[in-house]
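# pasting a predicted model and its sequence here:
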Amino acid sequence: MGACVGGQLLSTRAMAALLDYTISALLRRLDAEPEPALTMAFPPDWDPYFRPTMSVLEVYHFGTQHFDHHRRQLTL
């Protein structure tokens, strides 16, 4: 509902500016976090690429590992 209303009330330029502001704020917050705070526990039995604790970088990399895994399966 919010996206529909926002599309009616905000111009494309205003939505782009709001998105840029939000992404910048998230990046500033991420840069301010200490490295140990940027880890998350994962159940390693759910996926062969999960480890008990993963950093933000490892979480982002997981998607490409998972995709490549299935791509290899489909190209056998």
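That came through, no problem. Predicted model, so just to flag it, every value in this text is computed and none were measured.

# from here on, contacts and neighbour counts on C-alpha atoms
Will do.

# do you know how far Asp31 is from Ser24?
Computed as Cα to Cα, to the nearest Å, the Asp31 to Ser24 distance reads 10 Å.

# ok, the residue nearest the centre of the chain - contacts?
For the chain, the residue sitting closest to the mean C-alpha position, by Cα atoms, centre = their mean, is Tyr60 at 6.2 Å. For Tyr60, the contact set (Cα atoms under 8 Å, 6 or more residues apart in numbering) is empty.

# give me the pLDDT value at it.
pLDDT, Tyr60: 81.

# which SS state does it fall under?
helix (DSSP: H, G, I helix; E, B strand; the rest coil).

# low-confidence bits of the chain, can you list those?
Along the chain, segments meeting pLDDT under 70 span 1-2, 37-38, 76.

# buried ones in stretch 47-57, by neighbour count?
50-51, 54-55 (16 or more other Cα atoms under 10 Å).

# let me know the closest of the residues you listed to Leu19.
Nearest to Leu19, judged by Cα to Cα, of those is Ser55 at 25.0 Å.

# in space, what's closest to the closest one - neighbours in sequence excluded?
Once flanking residues are discounted, Ser55 sits nearest to Thr39: 4.3 Å by Cα to Cα, 6 or more residues apart in numbering.

# and Pro48, that's in a helix?
No: if the criterion is three-state DSSP, then Pro48 is coil and not within a helix.

# how close does it get to Ile23?
For Pro48, the distance to Ile23 - Cα to Cα - is 31 Å.
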